[in-house]
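Enquirer: My questions concern the predicted model and sequence given below.
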Amino acid sequence: MSLKEMPIEINTFTLFQQGNEQAFRRVFEKYQPQIFSRALYFSGQLEEAEEITQEAFVQLHRYREKINTPESIYPFLYRVAKRMAISGFRRKVLRDQYELEQHADWEEAGQALAQQLDYRELQQELEKIIGELPEQQQRIYRLNKLEDHSYQDIAEQVGLSKNTVRNHLALASKFVRLRLDKIFLFFL
């Protein structure tokens with residue numbers, strides 16, 4: 001017969017049910033090693049096993065009057081410890097999942113911010129490059145590429161022929177493309 005199968009004496013059990021401190025200490029000393037061992041097995045962590053064991057005995061003290069026989073003490077403690085370990089495991093899984101989601105959210109926000117910064121830097125570089133174009137090409141390039149106006153519309157606004165607008169835009173686009181290619185090569 002193992003330790004957990006041998007119940008405490010009936011006198012000790014009766015005193016335990018009545019709230020006697022010495023009787024509770026004897027119950028604690030008898031069952032604490034087995035409950036701690038089971039809690040450690042369930043949780044896998046020393047600190048958590050100690051907390052589970054302590055809380056199991058707190059519950060035992062709280063519900064001592066409802067325990068009918070000395071043989072019921074160990075199963076009560078075992079069930080409480082097992083439930084607490086399972087609850088702790090669930091909380092840990094939820095906490096880990098939450099942390100993963102938070103990390104993913106932070107990572108996603110960081111990437112979005114980096115993209116915004118990259119976009120702003122690229123926008124600034126594009127403005128510098130456009131600023132290097134002759135004034136007429138600057139105006140035509142901005143109207144077509146940034147404001148999405150047609151050749152005909154631009155020709156009417158600037159007072160040039162449609163073919164001249166096309167030629168200015170071709171030169172400006174080639175210049176901008178070559179300068180941007182150099183910037184992209186630098187970042188790669």
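Expert: Nice, thanks for sending it over. Numbering: from 1, shown residues only.

Enquirer: Who are the packing partners of the top helix by length along the chain?
Expert: The longest helix of the chain (DSSP state H) is helix 73-131. Contacts defined by 3 or more C-beta pairs under 8 Å, 6 or more residues apart in numbering; DSSP states H and E place helix 73-131 against helix 21-43, helix 46-62, helix 135-141, helix 162-187. For glycine as for every other residue, the C-beta is placed from the backbone atoms N, C-alpha and C.

Enquirer: How far does that helix sit from its chain's centre?
Expert: Mean-position distance between helix 73-131 and its chain equals 2 Å (C-alpha atoms, centre = their mean, to the nearest Å).

Enquirer: Same question for stretch 59-79.
Expert: So, by C-alpha atoms, centre = their mean, the centroid of stretch 59-79 is 40 Å from its chain's centroid.

Enquirer: Next: stretch 48-62.
Expert: The answer for stretch 48-62 is 31 Å, by C-alpha atoms, centre = their mean.

Enquirer: any idea how far the residue lying closest to residue 139 once chain neighbours are set aside is from residue 172?
Expert: Leaving aside its sequence neighbours, residue 139 sits nearest to residue 158 (C-beta to C-beta, 6 or more residues apart in numbering; 6.4 Å). Using C-beta to C-beta, to the nearest Å, residue 158 is found at 13 Å from residue 172.

Enquirer: hey, what's in contact with both of those two?
Expert: With contacts defined as C-beta atoms under 8 Å, 6 or more residues apart in numbering, the residues shared by residue 158 and residue 172 are residue 140.

Enquirer: neighbour count winner among those two?
Expert: residue 172 (23 against 14; other C-beta atoms under 10 Å).

Enquirer: so how many other residues sit close to residue 181?
Expert: Counted with other C-beta under 10 Å, residues neighbouring residue 181 total 10.

Enquirer: how many other residues sit next to residue 37?
Expert: Residue 37: 13 surrounding residues under other C-beta under 10 Å.

Enquirer: And it, how far from residue 81?
Expert: Using C-beta to C-beta, residue 37 is found at 10 Å from residue 81.

Enquirer: Check residue 48 too.
Expert: Distance, residue 48 to residue 81, by C-beta to C-beta: 11 Å.

Enquirer: Could you list the low-pLDDT ranges of the protein?
Expert: The chain contains residues with pLDDT under 70 at 1-6, 109, 113, 117, 184-188.

Enquirer: rewinding a little: in a markdown table, list the helices and strands packed on helix 73-131 along with distance to residue 97.
Expert: A markdown table is the format used below for the helices and strands packed on helix 73-131 (distance: least, C-beta to C-beta, whole Å):
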| stretch | distance to residue 97 |
| --- | --- |
| helix 21-43 | 18 |
| helix 46-62 | 18 |
| helix 135-141 | 51 |
| helix 162-187 | 36 |
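
Enquirer: nearest to residue 123, of those?
Expert: Among the helices and strands packed on helix 73-131, the nearest to residue 123 by C-beta to C-beta is helix 162-187 (11.6 Å).

Enquirer: Nice, that's everything, thank you.
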